[in-house]
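# Model the following, please.
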Amino acid sequence: MRIFLLIFTTCMLLACSRPTPILDQIKQDGELVVITRNSPTTYYEGAEGFTGFEYDLVQRFADELGVSVRFIIPDSFTEILPAISRKEAHFAAAGLTVTKARESLVRFGPAYQKITQQLMYRTGTYRPRKITDIIGSTLEIIAGSSHEEELNRLKQKHPDLEWEARKDIESDELLYLLKEQVIDYTIADSNEAALNQRYYPELKPAIDLTEPQSLAWAFPHSEDSSLYKAALKFFKKAKKDGTLKHLIERHYGHVEKLNFVDKRTFKRHSITRLPQYKALYKKAALENDIDWKLLAAIGYQESHWNPRAKSPTGVRGIMMLTMATAKQLGIKSRLDPAQSIDGGSRYIKMMEKKIPEQIKNPDRLWMTLASYNIGYGHLEDARKLTQKTGGDPNKWADVKQTLPMLSKKKWYKKTRHGYARGREAVTYVDSIRSYYDILVWLENQQNKQPEVAEPAPLSISPAVL
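Presented below is the predicted three-dimensional model:
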């Protein structure tokens, strides 16, 4: 009996001495601690609060665990991986490229995005064709980044290659310095480059320095794999149910729709044309609970802010209203900017009210814009086709893949409303999203706010998102 009690007591002591699995501890504490960084592709404060691809992804993971998130932003990029290896946070979600050197410091989770490292230059200056073309020029990069790791590898072949690795700066700031011609070149991940090219259309990738590389979360090396396994399960589910695809669409789906000329022309018209209509957009926006910058972006897509614009199909005015729509809205003159902007804003609200209630923002906003362009009936046809082909009719990322099918007889003959230029509607929505983002960025510059970041897409009612 004594031996039994001794064995029982020993087993109980051993059980009590086992540490609580990290996943259970997180759930008990109710908090997930994550290291990230301020950048357009990760985490920043936008017009409607905190946002960013990594921010949204982490929030969804936290929701799965039933906990809140506390984000930590170190002073320098170089501090991120050492902090994780010291277990100062549960993991890092900071747009980290998976490399062999880094794998000795941290344990990477599943890849969720592919990027390439791009050497960036400013149009109007010399475009290098190979890395040795920049020897003797000013090249600045982020210290501790995968870019520095790649340059160190290249330097073994090209000893004269030199650069400055900076700890006090982020990628979007380096791109700004390049735009201002303070530096000759920098290196950016392709996703960061694409986002910032909307604001700095002068910047272009000269060459790809690497093959596609994976981005992933970084976890500490540990015998306790409970949190890591939960992340594996989360990503498997996110890929299967479309969550990951929809987040990528939300943050990157529209960024490459405008070319260099489009962006430069838009910025010029923002200075020369928009000021005379800005008050009208603000008035209509206030009366209809719409962000004025969204209204202005729609107006630019429709007419380039030309109040006398006319299409071959007969739509006219700064918001390009049809005769039937103008009559329905009580608009007497489509060429009057005030009447056209007021009518356009009211028509957008009418379209938004038709969108099924189960469709939430930002998908609701983008489908509203599509229906403004192509008509609500065609949008519903596309949603039904989306469902028939296995997609989610309530997600814009899926519907935008289906809309082009409306121009193919094989598909549109099965719909109620028939043929439609669905691809045009997709381009229409993506362009407005880009114009809107640029307007938000320009307004921030005028208000002398810090240079950031891709703003979060606004809903029709700013309070919704």
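# Every contact and neighbour count from this point should use C-alpha atoms.
OK.
# helices or strands next to the helix or strand harbouring A188 in the packing?
Here A188 sits within strand 185-189, counting by DSSP states H and E. Where contact means 3 or more CA pairs under 8 Å, 6 or more residues apart in numbering; DSSP states H and E, strand 185-189 is packed against strand 117-122, strand 139-142, helix 171-179.
# beta partners for A92?
Listed beta-bridge partners, A92: I35, A218 (assigned using DSSP bridges).
# That one contacts V34, correct?
Yes - contact criterion CA atoms under 8 Å: A92 and V34 qualify, at 5.5 Å.
# Show me which helix runs longest in this protein.
helix 422-446 (DSSP state H).
# what packs against that helix?
Contacts defined by 3+ CA pairs under 8 Å, 6+ apart place helix 422-446 against helix 292-303, helix 363-374.
# and it with helix 363-374, angle?
Calculated by axes from the mean of the first three to the mean of the last three CA atoms, to 10 degrees, helix 422-446 forms an angle of 120 degrees with helix 363-374.
# Just the buried positions in helix 422-446, please.
422-423, 425-442 (16 or more other CA atoms under 10 Å).
# Report whether the expected contact of L161 with K155 is present.
Yes - contact criterion CA under 8 Å: L161 and K155 qualify, at 5.8 Å.
# quick one: which of those two has more around it?
L161 (19 against 14; other CA atoms under 10 Å).
# contacting residues for that one?
Going by CA atoms under 8 Å, 6 or more residues apart in numbering, L161 touches 132, 134-136, 154-155.
# 10 Å instead, please
Going by CA atoms under 10 Å, 6 or more residues apart in numbering, L161 touches 131-137, 139, 151-152, 154-155.
# Tell me, how many residues neighbour L178?
23.
# again, but for T41
By other CA under 10 Å, 25 other residues sit near T41.
# Let me see the ranges of the strands in the stretch 1-150 of the chain.
31-35, 44-46, 49-51, 68-72, 91-97, 107-108, 113-115, 117-122, 139-142 (DSSP state E, counting those that start in this stretch).
# Quick one: closest of these to K388.
With CA to CA as the criterion, K388 lies closest to strand 113-115 of those, at 27.8 Å.
# Name the residues that touch the closest one?
Strand 113-115 is contacted by residues 95, 97, 188-192, 210-216, 244-245, 248 when judged by CA under 10 Å, 6+ apart.
# returning to what we had before: which of the contacts of L161 tops the neighbour count?
Highest neighbour count within the contacts of L161: L139, with 21 neighbours (other CA under 10 Å).
# Contact partners for that one?
With contact set as CA under 10 Å, 6+ apart, L139 has these partners: 119-120, 161-165, 174, 178, 183-187.
# The residue lying closest to V67 once chain neighbours are set aside and A324, how far apart?
The shortest distance from V67 to any non-neighbouring residue, by CA to CA, 6 or more residues apart in numbering, is to G30 (4.6 Å). From G30 over to A324 the distance is 56 Å, taken as CA to CA, to the nearest Å.
# More neighbours: which of those two?
G30 (14 against 11).
# picking up where we left off before, what would the strands of the stretch 1-150 of the chain look like in CSV with mean pLDDT and distance to K353?
Shown next, in CSV, are those (pLDDT from 0 to 100; distance: least, CA to CA, whole Å):
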stretch, mean pLDDT, distance to K353
strand 31-35, 97, 38
strand 44-46, 68, 26
strand 49-51, 75, 25
strand 68-72, 95, 33
strand 91-97, 96, 37
strand 107-108, 97, 44
strand 113-115, 93, 35
strand 117-122, 96, 43
strand 139-142, 95, 47
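# I'd like to know which of those is closest to D363.
strand 49-51 (15.9 Å).
# Show me what S68 bridges to in the sheet.
E31.
# shouldn't it be in contact with G30?
Yes - with contact defined as CA atoms under 10 Å, S68 reaches G30; the gap is 6.2 Å.
# what's the overlap in contacts for the two?
A62.
# Please determine how far A92 is located from G66.
Separation of A92 from G66 (CA to CA) stands at 19 Å.
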